[in-house]
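# sequence and predicted structure, then a few things I'm wondering about:
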Amino acid sequence: MVTMARSRGYRVFQGINAVILTGVVIVTLYPFVNIIARSFSEERYIVTGQVNLLPRGFSLRTYEVVTADPMFWTNYRNTVVYTVVATAIAMVLTTCYAYVLSKKHLKGRTFLIWVAVFTMIFSGGLIPNYVLVNSLGMTNTIWAVVLPNAISVFNLLVMKTFFENLPQELEEAAAIDGLSTYGILWRVVLPLSKAVIATMLLFYAVSFWNSWFTAFLYLNEQELFPVTVYLRNIIAGATGAENAGAVIGEASQVASNIQSVTILLTVLPILAVYPFVQRYFVSGVMLGAVKG
Amino acid sequence: MTTEPASRSEAMKTGAMSTTLDGPPRDARPARPDAGRRRRAKPDTWWHALRRDWRLYSLAILPLLFFLIFRYVPMIGNVIAFRRYEPGGSIFGESWAGLRYVRMFLSDPTFWNVFTNTLILGALTLLFTFPLPIALALLLNEVRNQRIKRFLQSVSYLPHFLSMVIVAGIVMQMTAIDGPINQMLKAVGEDPVPFMQKPEWFRTIFVSSEVWQTVGWGTILYLAALTTIDEQLYDAARIDGANRWRQIWHVTLPGIRPTAVTLLILNVGTFMAVGFEKVLLLYNPLTYPTADVISTYLYRMGFESSNLSYAAAIGLFEALIGVVLIVSANLISRRTVGTSIW
């Protein structure tokens, strides 16, 4: 009897759970649906607040307007270049340091770990960083975007944990065969670490693809902006965040339209690869949690 | 088992002993790459360490340069909070100014306003984004169909991968005069509200968007922790007559407590830096009364009013509070629940 009651209560719970989780899915996805609908709608339907789930007055005009702007493509290309260069630098630095930190016998290892971990607890802050990058003459160069955030300590610790858990016997055997440390890292360790390397590549690539503030701070020439800053300027222009007055006129409404398209075109690469790479992210977080 | 693991644990034991007896472990490296060569134990001086491992150390040079230049130099660069800085001059300032800039912000009413805003926004964010992932993880954990569960997870993680600019854009669209929220208001006969221009709405909008963006991703570690809970504990609880709620209370929640505490420490540590990028993207002069936080205020002081030393003083203050918060949260949790992140 007790079992019966419990299972009935459980079924009620499952029903409520299904409703809540469906709600979560709707709330999460709704903004995307709405923005897609806006991007394909005619301006007059958007302005009058009639676009919700489906496009009204189907039109590709906004896409034509956005993609006709050469600056959009210049900035998009910049994002690709910055992401590739920054990820490459980050991978080399992170892999080397993580490998060093994973060697438990190394003298000074604790110190080397603390050099990295301490920066998680206390950091220089915005102003000293800006002053530094400025005095290094990196303003308005790609280096301002790709160097200051080259190593993420979280990623470093994930990789270190992974290297620590590799079977040491293989490295020992390689050492007996006469491989140097470099040879062991390159020919033995890295081929065994494809999973963690893929995860780190994705972590870095996504964070550099998404980053905007560094570029916003250090780059003043429009030709150098990544697409995120391009989008930021559209948003700021449309809402009057830059010029104090509240702009609720025709101009901002047109921009709202263009915002939707720019948002979609910027997020498209992420959405396209997301279903295939999501599991790597999850496994990366798990690795980090082991000792993080 | 053969004697091999036994000897290894022996080695580890001696290693542990040397740790307690005379400082750092000396020869506690059962799995050294050159362990097969069985060299005679040498005194572990830096000279020997460098000769043996110079290739390893050489790999650390570039990363160490990175940390030195881009992390530790700015850390020292904080001295400009106490020095007069000239644009184009030394990054460590020109001459001592003492506590001038500290006194300046302590007597600045705007500073105390943004300080309060930071505390409120940080507290509200923590209040929602800390417990909600636990709740969502518990709900997801009850989904029996693995396919549906995976789909739900994929969807809920998605917002985490978006650029802050995209999230800000989405927030703007949702709250726009012609956006869905105002459409709903209109449908029930209310007047449209220009949400982004209303200071009284800013906190709601900010926290909602934080929830939207972070709660799904926040479940990952809890879901992992949930799978590690021993099924036998549930069986034992059932035999003791515990219903589902009591099972959750006595088995599930204690099982994820270490994870929860660790995440809480990390959240508390970033409390003061609450949503800098997002606030910067979403606020405007009309919403400053509630939206302006310490980090955005110092940003404007530094780059719009060009008072870098003043801004650095505020930034240093913020960073020090952050250190105090994370260190004390860590200490408290080590004392009370025995979990700490270092």
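Ah, there it is.
# pick out the residue of chain A closest to chain B.
residue A:124 (2.5 Å; Cβ to the nearest Cβ). For the C-beta atoms, the positions are set from N, CA and C on the backbone; glycine is no exception.
# which one is that residue nearest to, not counting chain neighbours?
Leaving aside its chain neighbours, residue A:124 sits nearest to residue B:74 (2.5 Å; criterion: Cβ to Cβ, 6 or more residues apart in numbering or on different chains).
# ok, the one you found - contacts?
A:123, A:124, A:125, A:128, A:129, A:131, A:132 (Cβ atoms under 8 Å, 6 or more residues apart in numbering or on different chains).
# burial of residue 95, as a residue count?
Since no chain was named, I'll use chain A. 23 (other Cβ atoms under 10 Å in any protein chain shown).
# let me rephrase: I mean chain B.
Residue B:95 - counted by other Cβ under 10 Å - has 8 other residues nearby.
# and the pLDDT at it?
Confidence at residue B:95, expressed as pLDDT, is 80.
# that older thread, which stretch of helix or strand covers the residue of chain A closest to chain B?
Counting by DSSP states H and E, no helix or strand carries residue A:124.
# same check on the one 3 residues further on?
Residue A:127 is located in helix A:126-135, with elements delineated by DSSP H and E.
# packing partners of the helix or strand that that helix is followed by?
Once the chain leaves helix A:126-135, the next helix or strand it forms, by DSSP H and E, is helix A:143-146. Where contact means 3 or more Cβ pairs under 8 Å, 6 or more residues apart in numbering or on different chains; DSSP states H and E, helix A:143-146 is packed against helix A:70-101, helix A:213-218.
# hmm, the last one in reach of chain B?
Yes - contact of helix A:213-218 with chain B (Cβ under 8 Å from any Cβ of the partner chain) involves A:213, A:217.
# same for whatever helix or strand comes next after that helix, what does it pack against?
Going down the chain from helix A:213-218, the next helix or strand is helix A:227-239, by DSSP H and E. Counting contacts by 3+ Cβ pairs under 8 Å, 6+ apart, helix A:227-239 packs against helix A:70-101, helix A:213-218, helix A:250-291, helix B:164-175, helix B:276-282.
# now helix A:227-239: mean pLDDT?
pLDDT averaged over helix A:227-239 gives 82.
# angle of that helix against helix B:164-175?
Here the directions of helix A:227-239 and helix B:164-175 differ by 30 degrees (axes from the mean of the first three to the mean of the last three Cα atoms, to 10 degrees).
# now do helix A:227-239 and helix A:250-291, the angle between them.
Using the same axes, to 10 degrees: helix A:227-239 against helix A:250-291 is 140 degrees.
# just how off-centre is helix A:227-239 within its chain?
18 Å (Cα atoms, centre = their mean, to the nearest Å).
# can I get that helix in CSV? Just the C-alpha atoms.
The C-alpha atoms that make up helix A:227-239 are tabulated as CSV, following Å, rounded to 0.1, in the frame of the first residue of the first chain:
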residue,chain,number,x,y,z
VAL,A,227,32.6,41.6,-34.9
THR,A,228,31.5,41.7,-31.3
VAL,A,229,32.6,45.3,-31.0
TYR,A,230,30.7,46.0,-34.3
LEU,A,231,27.6,44.6,-32.7
ARG,A,232,28.2,46.4,-29.4
ASN,A,233,28.3,49.7,-31.3
ILE,A,234,25.1,49.0,-33.0
ILE,A,235,23.4,48.1,-29.7
ALA,A,236,24.9,51.1,-27.9
GLY,A,237,23.8,53.4,-30.8
ALA,A,238,20.3,52.1,-30.8
THR,A,239,19.6,52.4,-27.1
